[in-house]
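Asks: Let's see this in three dimensions:
(one chain, ligands or ions: 1)
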Amino acid sequence: MKDPKDGFIIGRIKSLKFALKGMWILVTTEDSIKAQLFCAIIATIMGFYFEISTTEWALQFIIIGLVLVAEAANTAIEEVADFIHPDYHKKIGLIKDIAAGAPSFAALISLIVAGFIYVPKIALLF
Ligand SMILES: Nc1ncnc2c1ncn2[C@@H]1O[C@H](COP(=O)(O)OP(=O)(O)OP(=O)(O)O)[C@@H](O)[C@H]1O
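Replies: Sure thing, here's the model as predicted:
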């Protein structure tokens, strides 16, 4: 936890340290984040293979970021839900289902964008 006596710079440095810790926890413990990172690596390899344009690289990284951010937010909501109510409750189920909708939207959009980038390039191979 931050100390209220910390100045602006020290406060920002501490926040960055906590945020990096959060990223490390997500990458090392969350299977959904690991799966999304694997997809991101495959997309990056495909980007090099098909020599996509700068704009396409930018779009690809935006959608990778979108999916990871949505997945991280979903994980945080699941953790809060499990912490405040570890037992079965209809409302917790609803909260988790809605939270899971976020990465699902992001994944759907990323598939559409990936389709725009790669389908024409893959079609040229045949
Ligand atoms: N405490 C609970 N009460 C009611 N329903 C729950 C509860 N916990 C989970 N569920 C239901 O089970 C589903 C899956 O929950 P869980 O916490 O296992 O998330 P998950 O999506 O499998 O996790 P991950 O994102 O790590 O793959 C929820 O979307 C919800 O419908």
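
Asks: give me the element the residue nearest to Gly22 when sequence neighbours are not counted is part of.
Replies: Sequence neighbours aside, Ala72 is the residue nearest to Gly22 in space, at 7.7 Å (criterion: CB to CB, 6 or more residues apart in numbering). For every residue, glycine as well, the C-beta is placed using N, CA and C. Ala72 is located in helix 54-84, with elements delineated by DSSP states H and E.

Asks: helices and strands around that helix, which ones?
Replies: When contacts are defined as 3 or more CB pairs under 8 Å, 6 or more residues apart in numbering; DSSP states H and E, helix 54-84 sits against helix 8-29, helix 31-49, helix 90-123.

Asks: Could you list which residues are in contact with the residue nearest to Gly22?
Replies: By CB atoms under 8 Å, 6 or more residues apart in numbering, the residues touching Ala72 are Gly22, Leu26, Ile33.

Asks: which one of the residues you listed has the most neighbours?
Replies: Ile33 (21 neighbours; other CB atoms under 10 Å).

Asks: isn't that residue right up against Glu71?
Replies: Yes - applying CB atoms under 8 Å, one finds Ile33 in contact with Glu71, separated by 5.5 Å.

Asks: between the two, what contacts are shared?
Replies: Overlap of the contact sets of Ile33 and Glu71 (by CB under 8 Å, 6+ apart) consists of Leu26.

Asks: any idea whether Tyr88 is helix, strand or coil?
Replies: With DSSP: H, G, I helix; E, B strand; the rest coil as the basis, the three-state label of Tyr88 is coil.
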